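> just to be clear, the model below is a prediction. Sequence and coordinates:
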Amino acid sequence: MNEEARDTVNFGEALVTPEEKTRRVGGVFTSVARSYDVMNDLMSGGMHRLWKDRFVARVKPRPSEAILDMAGGTGDIAFRMAAKGAKVTVSDINADMLAVGMEHAEKRRIDGLVWQRENAETLSFADASFDAYTIAFGIRNVTDVPAALREAHRVLRFGGRFFCLEFSTTEWPGFGQVYDKYGDALIPKIGKLVAKDEDSYRYLVESIRRFPKMSEFERMIAAAGFTQTRVEPILGGLVAIHSGWKI
Ligand code: SAM
């Protein structure tokens, strides 16, 4: 591998430097922040709500436990966990996504959340600060995924648990091809119409396609130090819940 190839990462289908990927991902979420929630409903036919409910049911947040919701964006996961009494810190690299989340919290009168801008790869929290770490539809946007997983492990206390909800690759015969066609043909068009941003939604489709398969991502989680790793496929793996323990 030459120097140039080693120093590039994928931003969707394009090869860019790591710094450029982080910058471009920032641009994507700044551009879509205001339309993010309505776009999620449109693109998934409301199904993202069910996936998030299922995810939080697996996390089983307990009253007063400290949970870090990383790449928490507009707060969908954090609100569900706070409703169970957990003390949630919502962190995201993007101030515009967090701003929309804070507005939602105010409108819904949800108090007690901590909103803190953080890069998942280099967290400012002390070691062993949290009982659980969640990341939903965030990890595939992170430039250095192994670094983010190592940081997740570091900030969890012993006995802490890691949960990730992410798009993956469905193993149901035929469904993957149908989904690919839908993603290529429709999602950027919906993005153009509703969010006035076709390119950001093309990136989102491409980033889903490029993300490691379920088994490979499970190995990455184990490589970061987590044990008893598990994968729960949804719709054959179109979406997956990965989990692990810091023991
Ligand atoms: N978790 C929310 C949800 O499920 O609706 C938001 C998911 S949104 C698709 C992905 C989020 O990941 C964006 O808010 C983006 O800013 C954030 N993100 C991307 N790279 C990040 C990084 N390196 N550290 C923290 N957050 C990051």
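Cool, the structure landed.
> please report phi then psi for Glu13.
Torsion angles at Glu13 (phi, psi; degrees, to the nearest 10) stand at phi -90, psi -10.
> just give me the neighbour total for the nearest residue to it once chain neighbours are set aside.
Distance criterion C-beta to C-beta, 6 or more residues apart in numbering; nearest residue to Glu13, sequence neighbours excluded, is Glu206 at 5.1 Å. To be clear about C-beta, it is placed using only N, CA and C from the backbone, and glycine gets the same treatment. Glu206 is flanked by 18 other residues according to other C-beta atoms under 10 Å.
> just checking, Glu206 touches Gly12?
Yes: counting by C-beta atoms under 8 Å, Glu206 touches Gly12, with 3.2 Å between them.
> ok, now how distant is Asp37 from Ala86?
Per C-beta to C-beta, to the nearest Å, Asp37 is found 22 Å from Ala86.
> state the helix or strand in which the closest residue to Arg202 other than its chain neighbours lies.
The spatially closest residue to Arg202, leaving aside those adjacent along the chain, is Pro188, at 4.5 Å (C-beta to C-beta, 6+ apart). When elements are assigned from DSSP states H and E, Pro188 belongs to helix 187-190.
> tell me the helix or strand right after that helix.
helix 198-210.
> list the helices and strands the helix or strand following that next one packs on?
Under the assignment DSSP H and E, the closest C-terminal helix or strand after helix 198-210 is helix 214-223. Secondary-structure packing of helix 214-223 (3 or more C-beta pairs under 8 Å, 6 or more residues apart in numbering; DSSP states H and E): helix 145-155, strand 156-167, strand 227-234, strand 239-246.
> mind checking how far the nearest residue to Ala33 once chain neighbours are set aside is from the ligand?
Closest residue in space to Ala33, ignoring its immediate chain neighbours: Asp96 at 4.1 Å, by C-beta to C-beta, 6+ apart. According to C-beta to the nearest ligand atom, to the nearest Å, Asp96 stands 8 Å off from the ligand.
> ok, back up a step: please identify the most buried of the helices and strands packed on helix 214-223.
Ranked by average neighbour count under the criterion mean count of other C-beta atoms under 10 Å, the helices and strands packed on helix 214-223 are headed by strand 239-246 at a mean of 22.
> that strand and the ligand in contact?
No: using C-beta under 6 Å from any ligand atom, strand 239-246 stays clear of the ligand, coming no nearer than 11.0 Å.
> where's the nearest residue to Val88 once chain neighbours are set aside, which helix or strand?
Spatial nearest neighbour of Val88, excluding adjacent residues (C-beta to C-beta, 6+ apart): Ala78 at 4.6 Å. Using DSSP H and E, Ala78 sits within helix 76-82.
> quick check, distance from that helix to the centre of its chain.
14 Å (C-alpha atoms, centre = their mean, to the nearest Å).
> what about the chain, any weak spots by pLDDT?
Along the chain, segments meeting pLDDT under 70 span 1-6.
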